[in-house]
Structure formats: structure tokens, C-alpha cells
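Q: Here's my sequence, what's the structure:
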Amino acid sequence: MSKKGRVLVAMSGGIDSTVTAMMLHDQGYEVVGITMKTWDYANSGGSSKETGCCSLDSINDAREVAVKMGFHHFIIDIREEFGDYVIDNFVDEYMAGRTPNPCVLCNTHIKWRALLKRADALDCEFIATGHYAQLNQSADRYYVSTSKDQLKDQSYVLWGLDQACLARSKFPIGSFVKGEVRQMAYDWGYEALSKKAESYEICFVPDNDYRGFLKRKVAGLEEKVAGGDFVDIEGNMLGSHQGYPFYTIGQRKGLGQSFGAPKYVVDIKPASNTVVLGDVKDLMRSGMRVYKVNFMKYESIPDGFECVTKVRYHDKGTLSSLKNEAYGGVQVTFFANVKGVAPGQSAVFYQGDDVVGGGIIYASL
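A: Model prediction:
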């Protein structure tokens, strides 16, 4: 075994995870590649061809690199555990009128657990991924910080990782920008890889049509929810909609009709199949409740702890104050009102570049 140790690298076949494996191999680690089959495109029912991390082409790309560089590569099938947890949660959340973030759940409950399980079986001390994030340590606590490339930063989707996961994780490309990563692939002789396009789709919704996905997964969904009401914030009827699961907080486009002025989805009421529309001012919120909280940088925080809170992936964040609540969550008070707080999405708390922790938005205030 290498003096630096053995590391299990999650390889999707894309440029980021491939360069991660190359970097660690070049640094003297004994690399073992692993590609996780999370979803079967043949069962998606979508119209797009296979793309992304679960396609046969991507799996073959990952294996080709491993063979060329001379390290072992394995393919594992985790479709059953992925589907039972991530996809079922995705459907359940939309049916409850919330907006899920499946990538966070996948990282927290599926991918890292699957990686650690296989790492133990293969005597790997570490696991590594191609996420744009950095790992730091203070005393006995591990925590994630933002990447050098702020446009590609993925620290937001890693808030759920616990200390056991973080202690064995590596994010080698977090200290580089995307252009540097592409140049490394080119310099190592992978010109085609250096130009490979990226996929921003949810892996099990390859055509980016989550409404179509829900219709295929929930038998008779269209008939069950069709003909619901659009109402204003006073409850006045504005028109009919296609069904509450097909809308999300903050949505303006795709409402299917004109109201004479821009209208936004400000609330969703599954019990009555009602979607509440309002003006942009009606989207503003002074706070929220967050549950399933995972603290990362600190074991706990005091009431009144100040941080910057992000309520969606590309949110710039808002200065906030946190208060612990009895149910194990936190109440967040924004110092300036925030637009479009969507239950089901992740709230992530930052102290400078460091992730203090995060959780799932339960309700806006």
C-alpha cells in the first residue's frame, strides 16, 4: 500500500471526478475507483437520451481512465436504496406541497454511506469526490468551506454530512477553479474530457421535466389534482390550475394563463388543491423554521448566533440570527426580508466561507 494510503474515488465519468482521481494518483495515493449506478434511464420514461452520471457512456468513461492509469475500478448498483429513499422522498415532498432537494438527500443518506461501506470492504482509509468544496478542521471538528471557484461552489449541498463522513473525505479540486481543472485534464492527455459538457439535471429526471416524472410515478395523478383553484392572498378566485404538485414557491412562469400583471406562487395548500398567487412583495419573509439540522463546524450554537443563511443553491445569503428550538431545529430571523423561502429546500448557515451547518426548511415566517 502507498505510504499516503488508499483512497476510494467516486467516479461519475465526468471531468471533475476524473481529475480528482488523477490528482490523487499523481500525489502518490493508491487509488480505487468506484462508479455508482443510482438510476436506470430505461425506466425514467423521459424522452431524452442517456446523459449524466448513470449512463452507460459515463460508466465506460470512468472505467477507461482507471484502466489507462492502472488502478482498480468497480461498479456498484445502488438503484434500490437510491429509489427507496431519494425518489420516494422527491415524490412525497411534491405531493405535500413542498420543494425537495434530492441532491442533498442523495449525498447525505446514499452516496456517502455507500462509499464508506465499500471503502471499509476495500481497506480504503479515505473517500474522495469531485465536489467543488474544501475540507477544514478545527480541534476535533471537521467542516466544509466554500471552494476557490465561487461560481462552481458546492458546499451548499454537503451540509448534511456528519463528522464520521467528513473525517474520511477529500475534495481535491476544491482549491482550483473550473478552468484549471479542465487544463489539468488536457495536460494529462485527455483533450476530449477537458471539453466535456456538464449536466445540471437531476439524474433521475434526464429531460428536466419533473412534472412529467411525477405523472409517471403517481398513478392517476392528473385526474386526482386537475381543476384546482388559483386564488389571491385574500382567497379570491383567480382561475384554475393543473394541480398543486406542479407548482413551487416563487414560480412566475408556466402558470398557464395571464393575470394582467406578473403573479408569483406564494403558497401551496395540498388539502384543498389550492395555489395562492401574489405580487413579489407577498413572497418576502422575515424568517423561517428549519428542522433536521446538522451542525458541522460546531457541535452546537448559542441562541442569537449570527451567520449568513442561504435558502437555495445560488442564493447570495442573508445575515441572520439563529435560535434553538425544542424539536431539535432552529428558528431563523433574517436581518433583511428574503424572497421565495420554499419549504422542503435546504437552509445552509455560513460563517465567512465555512459551513456552520444546515437543515430542511419547514415553514416560512
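Q: number of nearby residues for Val231?
A: Using other CB atoms under 10 Å, Val231 has 20 other residues around it. C-beta here means a position set from N, CA and C on the backbone, and glycine is covered the same way.
Q: give me every residue that touches it.
A: Contacts here follow CB atoms under 8 Å, 6 or more residues apart in numbering; on that basis Val231 touches Met237, Leu238, Thr274, Val275, Val276, Leu277.
Q: try it again with 10 Å
A: If a contact means CB atoms under 10 Å, 6 or more residues apart in numbering, then Val231 has Met237, Leu238, Gly239, His241, Asp267, Lys269, Ser272, Thr274, Val275, Val276, Leu277, Gly278 as its contacts.
Q: So what sits opposite the closest residue to Phe71 other than its chain neighbours in the bridge?
A: Residue nearest to Phe71 in three dimensions, not counting chain neighbours: Val31, with 4.5 Å by CB to CB, 6 or more residues apart in numbering. With DSSP bridges applied, the residues forming beta bridges to Val31 are Val7.
Q: Touching, Val31 and Ala10? I think so.
A: No. With contact defined as CB atoms under 10 Å, Val31 and Ala10 do not form a contacting pair (11.4 Å).
Q: got any residues that touch both of those two?
A: Thr20, Ala21, Ala128.
Q: Look at the second one and give its secondary structure.
A: The three-state assignment at Ala21 reads helix, by DSSP: H, G, I helix; E, B strand; the rest coil.
Q: Could you count how many residues lie near it?
A: When neighbours are counted by other CB under 10 Å, Ala21 registers 26.
Q: wouldn't it be in contact with Met11 here?
A: Yes. At 5.8 Å, Ala21 counts as touching Met11 under the criterion of CB under 10 Å.
Q: Between the two, which contacts overlap?
A: Common contacts of Ala21 and Met11, defined by CB under 10 Å, 6+ apart, comprise Val31, Val32, Gly33, Ala62, Val65, Ala66, His73, Ala128, Gly130.
Q: in which helix or strand would I find the nearest residue to the fifth one once chain neighbours are set aside?
A: Among residues not flanking Val65 along the chain, Thr18 sits closest, at 5.3 Å (CB to CB, 6+ apart). Taking DSSP states H and E as the criterion, the element that holds Thr18 is helix 15-26.
Q: buried sites along that helix?
A: Ile15, Asp16, Ser17, Thr18, Val19, Thr20, Ala21, Met22, Met23, Leu24, His25 (16 or more other CB atoms under 10 Å).
Q: And Gly358, how far from Tyr143?
A: 11 Å (CB to CB, to the nearest Å).
Q: joint contacts of those two?
A: Common neighbours of Gly358 and Tyr143, counting by CB under 10 Å, 6+ apart, are Ser155, Leu158, Trp159, Leu161, Phe295, Met296.
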